[in-house]
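*Asks:* no FASTA, just this:
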């Protein structure tokens with residue numbers, strides 16, 4: 001088990017759980033900047049709980065996280081995050097409860113021969129074009145945000161920025177890139193998204 005310390009948070013990374021990388025650090029930094037004390041925060045696809053743990057270590061909030069991967073849920077819980085098992089919103093009642101929903105989705109274009117064995121595949125497999133999970137997420141997320149609430153969504157240039165904005169627009173969301181950086185062959189970015197109610 002590896003230990004990562006970042007911005008006052010200490011997170012252990014378990015076996016078969018996505019290990020935080022540049023995407024996780026960028027989303028965590030944006031989340032700390034954008035989240036205010038007392039907000040209700042959900043991290044969709046919580047993984048190790050790294051992003052939520054960094055938020056909790058720097059803000060007076062208690063993020064909750066969900067994931068389909070039972071190994072990830074155990075890891076996040078051991079890192080101090082309240083969790084529940086859910087495939088996207090399937091485990092939630094539709095209720096406008098959250099001020100901010102954080103999501104680092106599986107965003108990599110993935111062919112059949114690139115799929116991984118076991119639960120870890122859910123952290124990487126974004127479908128053939130890398131946007132399958134993002135499209136499903138945006139079809140449902142508006143019912144879980146408070147009025148004025150927002151989504152902080154991580155994507156890569158490999159996901160297709162224009163196509164992701166098209167998905168958001170179809171679901172009546174407006175978005176702005178609030179942070180971006182280059183990593184090897186791709187550009188990493190966080191989009192802040194609000195619903196046009």
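*Replies:* Structure's in. What do you need? In this text the structure is predicted, and so the values were computed from the model without any measurement. Residues are numbered from 1 along each chain as shown.
*Asks:* just give me the neighbour total for the nearest residue to residue 120 once chain neighbours are set aside.
*Replies:* Closest residue in space to residue 120, ignoring its immediate chain neighbours: residue 16 at 5.3 Å, by C-beta to C-beta, 6 or more residues apart in numbering. All C-beta atoms are positioned from the backbone trio N, CA, C, and that covers glycine. Residues near residue 16, counting by other C-beta atoms under 10 Å, number 16.
*Asks:* surely residue 16 touches residue 73?
*Replies:* No. Counting by C-beta atoms under 8 Å, residue 16 stays clear of residue 73, with 11.5 Å between them.
*Asks:* list the buried residues of the helix ranked longest in the chain.
*Replies:* Secondary structure assigned by DSSP state H gives helix 22-34 as the longest helix of the chain. Residues 23-32, 34 are the ones in helix 22-34 that count as buried (16 or more other C-beta atoms under 10 Å).
*Asks:* if we can go back for a sec, which SS class is the residue nearest to residue 120?
*Replies:* Classification of residue 16 using DSSP: H, G, I helix; E, B strand; the rest coil returns coil.
*Asks:* ok, it - contacts?
*Replies:* For residue 16, the contact set (C-beta atoms under 8 Å, 6 or more residues apart in numbering) comprises 69, 71-72, 118-120.
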